[in-house]
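[1] Sequence first, then the predicted structure, then my questions.
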Amino acid sequence: MKKYFFYNTEGIQSICEIENNSRLKINKVITNKVLLTDKIHYHPEGDEYYICLKGKAKLEIENRIVDISKGEIILVYSGEKHKVIEIIEEIEFFVIRTNNKVNDKIEIKVYSENIIFK
């Protein structure tokens, strides 16, 4: 048995990070702002679950707009490009990653409407 504690990093509560040798990465996000610092990106290894506890938002996943609201879960598969693009109502959600590797996040550079890999 191992007990974990949440800690805050730039408004995001995190648990099960690399620092405590977990196989999962779990973040709890509460915001009423678009996550502008989060660029469109993908993870080459490991899936990512968005579990919405409160509110409404829009995500872009593989050039598709997907709505998420309270009680819904979105699974983003490894390699799928994604980003939160709009917060409609203040949102509270968990993000759970199944592979917790350092620097697993690969950002995509976007020029005009064309997606160019980094």
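    Yes, it's here.
[2] what's around the closest residue to E72 other than its chain neighbours, how many residues?
    Nearest residue to E72, sequence neighbours excluded (Cβ to Cβ, 6 or more residues apart in numbering): C52, at 5.1 Å. C-beta here means a position set from N, CA and C on the backbone, and glycine is covered the same way. Other residues near C52 come to 19 when the count uses other Cβ atoms under 10 Å.
[3] helix or strand for C52, which one?
    strand 48-61 (DSSP states H and E).
[4] now swap in V84 and tell me
    strand 82-97.
[5] Let me see the mean pLDDT of that strand.
    For strand 82-97, mean pLDDT rounds to 88.
[6] Pull out the buried positions in that strand.
    82-85, 87, 91, 93-97 (16 or more other Cβ atoms under 10 Å).
[7] Could you list every helix and strand that it packs against?
    Judged by 3 or more Cβ pairs under 8 Å, 6 or more residues apart in numbering; DSSP states H and E, the packing partners of strand 82-97 are strand 25-31, strand 41-42, strand 48-61.
[8] Can you list the low-confidence ranges for this structure?
    1-24, 34-37, 100-103, 110-118 (pLDDT under 70).
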